[in-house]
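A.B. asks: Sequence first, then the predicted structure:
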Amino acid sequence: MPVVRTETNATYALQYNNGTPIPLKDFSGLHTKSITEVDSTDGVFKKNRIQALEFNEVTLTLSMPLQEPARQLFDGVMKGNLTTVFTTIFRLEANSKLVQSFELGNCKIKQISFPSLDATSKNAGNATITFQPAHIDMTLGNNSRIAISAPKNETRFIASNFRLAIDNVPTSRISKISALTVCPHTVENISATDILDFIEFKSLQIQIAEAEMEDEGWQKWLTDFVKVQQKEGRNGSLQFLGPDLKKVILEISLTNIFIASTGFHEDGAENQIAKASIELLFDFATMAGNTTPADTKFIRSGVVVKPPVLNIPDTKTPDVKPGK
């Protein structure tokens with residue numbers, strides 16, 4: 001008698017460094033590819049043999065607010081304390097029964113991203129983390145039940161619930177903010193071990209009503225920008241808010257914010273609110289409660305600092321003859 005298998009919707013869970021599994025909203029890139037070479041020939045036939053395997057970058061999508069240990073993982077990347085992780089993705093069916101697991105070993109973290117924000121959106125905002133696994137092991141499950149850490153009765157974050165504050169300028173009419181993205185960059189040392197080289201904080205793109213930029217604070221900041229007089233950056237914070245727009249789900253402090261570029265009349269259609277786009281650079285970002293990065297020598301915000309030109313005369317030591 002043939003075995004009848006009922007198809008059910010699968011759910012996924014994420015385990016980080018053998019900790020308590022948490023719900024995983026989605027993932028992509030879990031692909032493995034073989035590298036083959038011709039081992040020998042038999043007449044006109046080539047015998048291909050697998051020499052090695054290549055693993056794609058994997059991107060995990062996590063719901064906001066971030067649960068532990070995902071929050072701890074993001075915090076570690078931002079502080080420069082974490083560059084590699086060991087993770088397991090569980091595929092589950094009804095009643096959290098384990099169907100299959102994917103163990104991703106020695107994953108080099110490529111980037112983390114917080115949700116992009118849009119004042120008109122009604123969609124949930126999600127965070128992502130991308131990493132490069134060194135190897136992937138697949139194991140069939142035994143239908144054992146996996147205990148998952150459930151969210152603490154918190155409503156999912158909506159992408160329109162945010163607040164950006166910057167010193168000395170009004171920000172109530174900011175309508176869009178790009179995803180805050182952090183990229184740790186590593187290099188191999190003499191023992192072929194990856195060590196942190198620097199942390200890159202990608203610039204933020206914001207969209208704001210031009211009418212708000214008529215404020216004196218904005219005008220001064222923009223004037224300083226076009227006259228290349230931004231000698232000191234400004235501090236600020238990005239808050240992800242609950243449904244009541246009062247409760248702060250997550251706050252990220254931004255240090256030394258500079259204007260990098262501007263674009264005006266970005267939405268020039270009739271009967272539309274005139275909007276400007278502004279690119280903001282900042283030195284580093286930390287979650288609330290962490291006011292300094294682990295080590296500022298690792299911070300790189302995307303600003304290229306050119307070394308001074310040194311006018312060193314090309315002089316030669318005069319030849320000294322013996323006896324002189």
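C.D. replies: Looks like it arrived, so ask away.
A.B. asks: and the residue nearest the centre of the chain, what is it in contact with?
C.D. replies: In the chain, the centroid-proximal residue (CA atoms, centre = their mean) is residue 112; its distance is 2.1 Å. Contacts for residue 112 (CB atoms under 8 Å, 6 or more residues apart in numbering) come out as 73, 74, 77, 78, 127, 128, 129, 130, 181, 182. Where you see a C-beta, it was placed from the backbone N, CA and C, and this is true even at glycine.
A.B. asks: Let me know the next secondary structure element after the helix or strand hosting it.
C.D. replies: Assigned by DSSP states H and E, residue 112 belongs to strand 97-113. Per DSSP H and E, the first helix or strand lying C-terminal to strand 97-113 is strand 117-118.
A.B. asks: buried set for the following helix or strand past that next one?
C.D. replies: Sequence order places strand 126-132 as the next helix or strand after strand 117-118, per DSSP H and E. If you call a residue buried by 16 or more other CB atoms under 10 Å, then strand 126-132 has these buried ones: 126, 127, 128, 129, 130, 131, 132.
A.B. asks: cool, and stretch 196-206?
C.D. replies: Buried-residue list, stretch 196-206, by 16+ other CB under 10 Å: 196, 199, 200, 201, 202, 203, 204, 205, 206.
A.B. asks: do stretch 252-270 as well
C.D. replies: Applying 16+ other CB under 10 Å to stretch 252-270 flags 252, 253, 254, 255, 256, 257, 258, 259, 260 as buried.
A.B. asks: give the contact list for the fourth one.
C.D. replies: Residue 255 is in contact with 233, 235, 282, 283, 284, 285, 286, counting by CB under 8 Å, 6+ apart.
A.B. asks: Just grab the bridge partners of it for me.
C.D. replies: residue 284 (DSSP bridges).
A.B. asks: Next, work out how far apart it and residue 176 are.
C.D. replies: Look at residue 255 and residue 176: by CB to CB, to the nearest Å, they are 22 Å apart.
A.B. asks: Just name the closest of the buried residues of strand 126-132 to residue 164, please.
C.D. replies: residue 127 (17.1 Å; CB to CB).
A.B. asks: okay but that closest one is in contact with residue 77, surely?
C.D. replies: No: in terms of CB atoms under 8 Å, residue 127 does not count as a neighbour of residue 77; the distance is 11.4 Å.
A.B. asks: hmm, back to that, got CSV for the buried residues of strand 126-132, with distance to residue 28 and pLDDT too?
C.D. replies: Formatted as CSV, those follow (distance: CB to CB, whole Å; pLDDT from 0 to 100):
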residue, distance to residue 28, pLDDT
126, 13, 97
127, 14, 97
128, 9, 97
129, 12, 96
130, 9, 96
131, 12, 94
132, 14, 92
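A.B. asks: Kindly reformat those residues as JSON lines containing distance to residue 86.
C.D. replies: Formatted as JSON lines, these follow (distance: CB to CB, whole Å):
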{"residue": "126", "distance to residue 86": "23"}
{"residue": "127", "distance to residue 86": "20"}
{"residue": "128", "distance to residue 86": "19"}
{"residue": "129", "distance to residue 86": "14"}
{"residue": "130", "distance to residue 86": "16"}
{"residue": "131", "distance to residue 86": "10"}
{"residue": "132", "distance to residue 86": "13"}
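A.B. asks: and of those, the nearest to residue 62?
C.D. replies: Nearest to residue 62 among the buried residues of strand 126-132 is residue 127, at 4.9 Å by CB to CB.
A.B. asks: Leaving out chain neighbours, which residue sits closest to that closest one?
C.D. replies: Sequence neighbours aside, residue 62 is the residue nearest to residue 127 in space, at 4.9 Å (criterion: CB to CB, 6 or more residues apart in numbering).
A.B. asks: isn't the one you found right next to residue 27, touching?
C.D. replies: No: Residue 62 lies out of contact with residue 27 (CB under 8 Å); the separation is 9.7 Å.
A.B. asks: Please say which of the two ends up with more neighbours.
C.D. replies: Per other CB atoms under 10 Å, whichever of residue 62 and residue 27 has more neighbours is residue 62, with 24 against 17.
A.B. asks: What about the residue nearest to residue 17 when sequence neighbours are not counted, how many residues nearby?
C.D. replies: Counting by CB to CB, 6+ apart, residue 17 lies nearest to residue 86, which is 5.5 Å off, once chain neighbours are set aside. Residues near residue 86, counting by other CB under 10 Å, number 15.
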